[in-house]
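In: Dropping a prediction and its sequence here:
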Amino acid sequence: MSLCHLLVISGGRSPEHEVALQSALNVVAAVDRKAFDLAVVGIDKDGAWRQLPSDDFVRHRDDPTRIALAPGGRPVTLCCREGRGWMVPLDGSPAWPVDVAFPVLHGAYGEDGTIQGFLALMGVPCVGCDTASSANSMDKAITKRLLQAAGIPVAPGVVVTRGASWPTAEALGREFGWPLFVKPARLGSSVGVVKVKTPAELAPALTEAFRYDDKVLVEQCLRGREIECAVLGNDAPRASLPGEVVPRHEFYSYAAKYLDDQGAALYAPADLPAETTQRVQAMAVAAFQAMGCSGLARVDFFLMPDGSLAVNELNTIPGFTRISMYPRLWQCSGLTYTELVGELVRLAMESHRQRASLCTSFT
């Protein structure tokens with residue numbers, strides 16, 4: 001039986017480039033080489049695609065502040081021939097058939113529907129959500145609207161766009177109280193997120209967020225436990241046991257997540273009553289379906305002191321670093337890392353078959 005040709009794509013043109021490389025190291029290590037013929041492509045910060053050795057595609061792997069794509073490699077692109085995707089070396093070497101692509105790309109151009117749309121055009125099954133659900137889930141403002149329309153509670157907030165007049169600190173304080181959170185609407189890993197404690201801190205926080213995005217979210221600070229739940233599946237998604245993040249920094253910042261080994265305590269599974277666990281799982285699946293997700297997503301919640309829940313956000317390409325919750329939650333729910341990767345590939349192929357069965361002509 002021939003092996004499935006799996007292409008892992010990582011790096012990318014995003015401030016989350018380094019985090020993506022950390023995630024890709026773990027995904028590649030978990031691939032069952034008896035089932036998959038593996039290739040790795042790194043996208044550098046200029047957007048160039050290079051095929052790199054699957055066992056040596058990064059430098060400084062143990063230093064999150066210095067981790068980088070390995071130099072060299074073979075420039076490649078993707079193309080579609082006879083209805084399927086191929087990785088084509090630009091040096092004239094033979095093309096390599098791609099059965100499934102696993103985009104381990106966080107943030108812009110990777111988690112926002114860009115790579116998903118490109119892979120769909122190339123006829124390549126893609127692990128994770130499709131173009132529309134990726135784009136909608138990446139935009140925290142759109143996510144809020146869709147979840148609210150589905151009756152799912154979210155943190156109160158307002159959207160500020162570049163060029164529009166900024167709301168006054170007085171108005172925001174009156175509506176939401178202090179502190180507030182200011183965050184880029186279409187970025188992850190807490191990049192550009194600022195906790196604003198006083199009116200004087202608002203303008204600098206907005207300026208910082210606008211460094212990363214043209215749309216910014218200003219949210220009420222919800223004082224609750226931070227709960228995360230992993231969802232896996234297509235038409236019949238299932239939820240993992242929930243986990244809990246207890247930040248040791250002021251909030252679960254980029255530094256707390258990736259630069260400080262003691263930045264947060266992570267509990268997988270979380271210490272929750274059975275009834276609360278069931279509510280978290282049910283709401284995670286409901287949010288996944290409301291956003292039109294497929295394959296995988298991590299749903300992040302606030303669990304309030306009165307027991308109520310609010311969805312903070314969905315991550316359609318959640319972290320796969322050594323401390324990341326998504327694989328850990330499935331491990332404590334009975335699925336090994338290798339089994340998880342295999343199931344994600346199976347789901348990608350299932351979704352691709354379903355889309356391929358749809359009519360593409362009208363007569």
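Out: Perfect, I can see it now.
In: switch to C-alpha atoms for all contacts and neighbour counts from now on
Out: Fine.
In: Domains in this protein, by residue range?
Out: 4-126, 136-152+223-355, 157-220 (automatic domain parsing).
In: do you know which of these lies nearest Phe362?
Out: Closest approach to Phe362 among these is made by domain 136-152+223-355 (16.0 Å; C-alpha to C-alpha).
In: Figure out how far the closest one is from the centre of its chain.
Out: Taking the mean of its C-alpha atoms, domain 136-152+223-355 sits 10 Å from the chain's own mean (C-alpha atoms, centre = their mean, to the nearest Å).
In: Export the domains of the chain to CSV and append columns for mean neighbour count.
Out: What follows is those, written out as CSV (neighbours: other C-alpha atoms under 10 Å):
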stretch, mean neighbour count
domain 4-126, 19
domain 136-152+223-355, 20
domain 157-220, 18
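In: could you redo those as TSV and give each row distance to Ser361 and mean pLDDT?
Out: Converted to TSV, the domains of the chain look like this (distance: least, C-alpha to C-alpha, whole Å; pLDDT from 0 to 100):
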stretch	distance to Ser361	mean pLDDT
domain 4-126	16	96
domain 136-152+223-355	14	93
domain 157-220	35	91
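In: Any chance of TSV for those, columns distance to Phe362?
Out: Converted to TSV, the domains of the chain look like this (distance: least, C-alpha to C-alpha, whole Å):
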stretch	distance to Phe362
domain 4-126	19
domain 136-152+223-355	16
domain 157-220	36
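In: Show me where the stretch 151-300 of the chain has its helices.
Out: Secondary structure of the stretch 151-300 of the chain (DSSP state H, counting those that start in this stretch): helices at 169-176, 202-209, 254, 274-290.
In: Distance to Asp46 added to those, as TSV?
Out: Conversion of the helices of the stretch 151-300 of the chain to TSV gives the following (distance: least, C-alpha to C-alpha, whole Å):
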stretch	distance to Asp46
helix 169-176	38
helix 202-209	22
helix 254	23
helix 274-290	33
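In: who wins for proximity to Gly163 among the ones you listed?
Out: Counting by C-alpha to C-alpha, and looking across all of these, nearest comes helix 202-209 at 11.9 Å.
In: Taking helix 169-176 as reference, get the angle to that closest one.
Out: Helix 202-209 and helix 169-176 are oriented at 90 degrees to each other (axes from the mean of the first three to the mean of the last three C-alpha atoms, to 10 degrees).
In: distance between helix 202-209 and the chain's centre?
Out: Its chain's C-alpha centre and that of helix 202-209 lie 24 Å apart, by C-alpha atoms, centre = their mean.
In: Just the residues contacting that helix, thanks.
Out: By C-alpha atoms under 8 Å, 6 or more residues apart in numbering, the list of residues contacting helix 202-209 from outside reads Ala169, Val182, Lys183, Pro184, Gly192, Val193, Val194, Lys195, Val196, Val216.
In: So what sits opposite the last one in the bridge?
Out: When bridges are assigned using DSSP bridges, the partners listed for Val216 are Val160, Pro184.
In: Nearest the geometric middle of this structure, what residue?
Out: Centroid check for the chain by C-alpha atoms, centre = their mean gives Ile317 as the closest residue, at 2.7 Å.
In: Report the contact partners of that residue.
Out: With contacts defined as C-alpha under 8 Å, 6+ apart, the neighbours of Ile317 are Val104, Leu105, His106, Glu111, Gly128, Leu296, Ala297, Arg298.
In: Surely the fourth one touches Asn136?
Out: No - taking contact to mean C-alpha atoms under 8 Å, the distance of 10.0 Å between Glu111 and Asn136 leaves them out of contact.
In: Tell me which stretches of the stretch 1-150 of the chain form strands.
Out: Counting by DSSP state E, counting those that start in this stretch, residue ranges of the strands within the stretch 1-150 of the chain are 4-11, 36-43, 49-52, 58-59, 68-69, 74-81, 84-89, 96-98, 100-104.
In: Could I get these in TSV, plus columns for distance to Gln22?
Out: Shown next, in TSV, are these (distance: least, C-alpha to C-alpha, whole Å):
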stretch	distance to Gln22
strand 4-11	9
strand 36-43	12
strand 49-52	15
strand 58-59	9
strand 68-69	9
strand 74-81	21
strand 84-89	23
strand 96-98	23
strand 100-104	9
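In: picking up where we left off before, regarding the residue nearest to the centre of the chain, what is its secondary structure?
Out: Here Ile317 is coil, with the state taken from DSSP: H, G, I helix; E, B strand; the rest coil.
In: Arg238 pairs with what?
Out: Partner residues in beta bridges with Arg238: Leu232, with DSSP bridges as the criterion.
In: That one contacts Gln278, correct?
Out: No - between Arg238 and Gln278 there is no contact, the gap being 11.6 Å when judged by C-alpha under 8 Å.
In: Chain neighbours aside, what residue packs nearest to Leu78?
Out: Of all residues beyond its chain neighbours, the one nearest Leu78 is Met87 (4.6 Å), with distances taken as C-alpha to C-alpha, 6 or more residues apart in numbering.
In: Please identify which of the helices of the stretch 151-300 of the chain is closest to Leu266.
Out: With C-alpha to C-alpha as the measure, helix 254 is the member of those nearest Leu266 (15.0 Å).
In: and Ala239, what does it touch?
Out: Applying C-alpha under 8 Å, 6+ apart, we find Ala239 in contact with Cys229, Ala230, Val231, Leu232, Gln281, Ala282, Ala284, Val285.
In: residue contacts, the fifth one?
Out: Gln281 makes contacts with Cys229, Ala239, Ser240, Leu241, Pro242, as judged by C-alpha under 8 Å, 6+ apart.
In: Farthest pair within the residues you listed?
Out: Checked with C-alpha to C-alpha, these reach their widest spread between Ala239 and Pro242, with 8.2 Å between them.
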